[in-house]
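1. The sequence isn't on hand, but the structure is:
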């Protein structure tokens, strides 16, 4: 009876699981090169390598048939006119999906496939986004004051390919303009990658 | 650009997805032989083949890497001293997991593996239950007045084996006794099955 079912309650105030195995924290320094406004990025870094987002995950074997699940908390704020966002990645096993459910706040999922289609799906409390296999994904917190908190579930054998997005970016950006979130083409997007 | 991401909002009052592809409805007649009190079962059936639970699911290809997701709504009530529950099943591909997140109400997941270990995990709003591969699962609504509503995600190649549970039952029952839900050994459980 080694592999028992797992029962976890999310904190009703914060959405954070009351037990978890992995706590991943990503700060400004982890997203070097990902924000458009480099002057502002380095100015902020000099002040503080501030925390941008956190992931609370249950640990499971990384094999087909298992699922990885947990909660992501994206903090609020701007780097220049860009909202706080995750690094974004493809799955290493490209033919794997992912499912999100928004628990708190508001945000957007920036999604792009290898053919170059790029869509942005807004999320609010009670939204589900289903990401079919082959779509890279980045979460963006479009609030300037509230956390964007969501549940995720994906096949445990998916793996992560961060490198493609790190070097090329997504084709679209979510920016703060005139008091709201707007979606624009990414002027810094590179077909070849930045390296 | 055929296989786009899917964005669906859950109705904030009911938890039901505002769009879905499959709507499965199960009534008393679909659970023939599953409740202990057959006299009461047939008395109720003679009155009305009442709806016990509903599943709202997004349609996806049944292949590894895809996920099936949606919302289950378990209605409230008693059949004798047994709460309304789902049929319960193993996955046909036994080595596949499932993940539940409770949106509304309260309930229990009855879980059993082929080795005969049986556990019951209570759920309330904000609970996650992770069902490892190999565990059969049945949802029970332990409220007499509110719906038990939960989000589910499982690998799309899992398939369903309903027959094992239909013929043998689970080793444990969740009953209403003296105003509360109690877990008891199933006196009708059969090592050989009922057929």
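-> Structure's in. What do you need? Computed from a predicted model, the values in this text were never measured in an experiment.

2. Just the helices from chain A, written as ranges.
-> A:38-47, A:163-168 (DSSP state H).

3. residue ranges with poor pLDDT in chain A?
-> A:1-2, A:193-195 (pLDDT under 70).

4. thinking again about what came up before, tell me which of the helices of chain A sits most buried.
-> Sort the helices of chain A by mean neighbour count, taking mean count of other Cβ atoms under 10 Å in any protein chain shown, and helix A:163-168 sits at the top with a mean of 16. For the C-beta atoms, the positions are set from N, CA and C on the backbone; glycine is no exception.

5. Contacts for it, please.
-> Contacts to helix A:163-168, defined as Cβ atoms under 8 Å, 6 or more residues apart in numbering or on different chains, come from residues A:33-34, A:87-90, A:136, A:138, A:189-195.

6. circling back: please convert the helices of chain A to CSV, extending it with distance to residue B:69.
-> CSV is the format used below for those (distance: least, Cβ to Cβ, whole Å):
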stretch, distance to residue B:69
helix A:38-47, 36
helix A:163-168, 24
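
7. circling back to that earlier point, now list the buried members of the contacts of helix A:163-168.
-> A:34, A:87, A:88, A:89, A:90, A:136, A:138, A:189 (16 or more other Cβ atoms under 10 Å in any protein chain shown).

8. Would you tell me which of the helices of chain A gets closest to residue B:7?
-> With Cβ to Cβ as the measure, helix A:163-168 is the member of those nearest residue B:7 (20.9 Å).

9. Just checking the distance from that closest one to the centre of its chain.
-> Computed by Cα atoms, centre = their mean, to the nearest Å, the chain-centroid distance of helix A:163-168 equals 14 Å.

10. and if you look at stretch A:185-195?
-> For stretch A:185-195, the distance to the chain centre is 19 Å (Cα atoms, centre = their mean).

11. follow-up on the earlier one: tell me the one of the contacts of helix A:163-168 nearest residue A:103?
-> Closest to residue A:103, out of all of those and judged by Cβ to Cβ, is residue A:138, at 18.3 Å.

12. isn't the closest one right up against residue A:87?
-> Yes - using Cβ atoms under 8 Å, residue A:138 is in contact with residue A:87, at 7.3 Å.

13. Just send the buried ones among the contacts of helix A:163-168 back as CSV, with distance to chain B too.
-> Shown next, in CSV, are these (distance: Cβ to the nearest Cβ, whole Å):
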residue, distance to chain B
A:34, 21
A:87, 19
A:88, 14
A:89, 15
A:90, 13
A:136, 11
A:138, 12
A:189, 18
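
14. For the residues you listed, could you give me JSON lines that also reports distance to residue A:16?
-> Listed next are the buried ones among the contacts of helix A:163-168 as JSON lines, based on distance: Cβ to Cβ, whole Å:
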{"residue": "A:34", "distance to residue A:16": "25"}
{"residue": "A:87", "distance to residue A:16": "20"}
{"residue": "A:88", "distance to residue A:16": "22"}
{"residue": "A:89", "distance to residue A:16": "22"}
{"residue": "A:90", "distance to residue A:16": "27"}
{"residue": "A:136", "distance to residue A:16": "26"}
{"residue": "A:138", "distance to residue A:16": "21"}
{"residue": "A:189", "distance to residue A:16": "34"}
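
15. just to revisit the earlier point, where strands are concerned, which of the contacts of helix A:163-168 count?
-> A:136, A:138 (DSSP state E).

16. What residues does the closest residue to residue A:186 other than its chain neighbours make contact with?
-> Spatial nearest neighbour of residue A:186, excluding adjacent residues (Cβ to Cβ, 6 or more residues apart in numbering or on different chains): residue A:173 at 4.8 Å. Applying Cβ under 8 Å, 6+ apart, we find residue A:173 in contact with A:36, A:82, A:110, A:183, A:184, A:185, A:186.

17. repeat that for 10 Å
-> Listed by Cβ atoms under 10 Å, 6 or more residues apart in numbering or on different chains, the contact set of residue A:173 reads A:35-36, A:81-83, A:85, A:110, A:120, A:138, A:140, A:182-189.

18. Please report the distance of it from chain B.
-> 18 Å (Cβ to the nearest Cβ, to the nearest Å).

19. got it, and residue A:58?
-> Taking Cβ to the nearest Cβ, one finds residue A:58 at 6 Å from chain B.

20. which ones are touching that residue?
-> By Cβ under 10 Å, 6+ apart, the neighbours of residue A:58 are A:6, A:8, A:17, A:19-22, A:67-71, B:99, B:128, B:130.

21. Spit out the contact partners of the residue lying closest to residue A:126 once chain neighbours are set aside.
-> Computed as Cβ to Cβ, 6+ apart, the closest residue to residue A:126 that is not its neighbour in sequence is residue B:10, at 4.5 Å. Shown in contact with residue B:10 (Cβ under 10 Å, 6+ apart): A:101-102, A:125-128, B:16-18, B:56, B:71, B:103-104, B:149, B:151.

22. What subset of those residues is buried?
-> A:101-102, A:125-128, B:16-17, B:56, B:71, B:103-104, B:149, B:151.

23. Count the residues that sit near the closest residue to residue A:176 other than its chain neighbours.
-> Leaving out its chain neighbours, the residue that sits closest to residue A:176 by Cβ to Cβ, 6+ apart is residue A:81, at 5.2 Å. Applying other Cβ atoms under 10 Å in any protein chain shown, we find 16 residues neighbouring residue A:81.

24. for residue A:81, what are its contacts?
-> A:35, A:36, A:37, A:40, A:173, A:174, A:175, A:176, A:177, A:182, A:184 are the contacts of residue A:81 under Cβ under 10 Å, 6+ apart.
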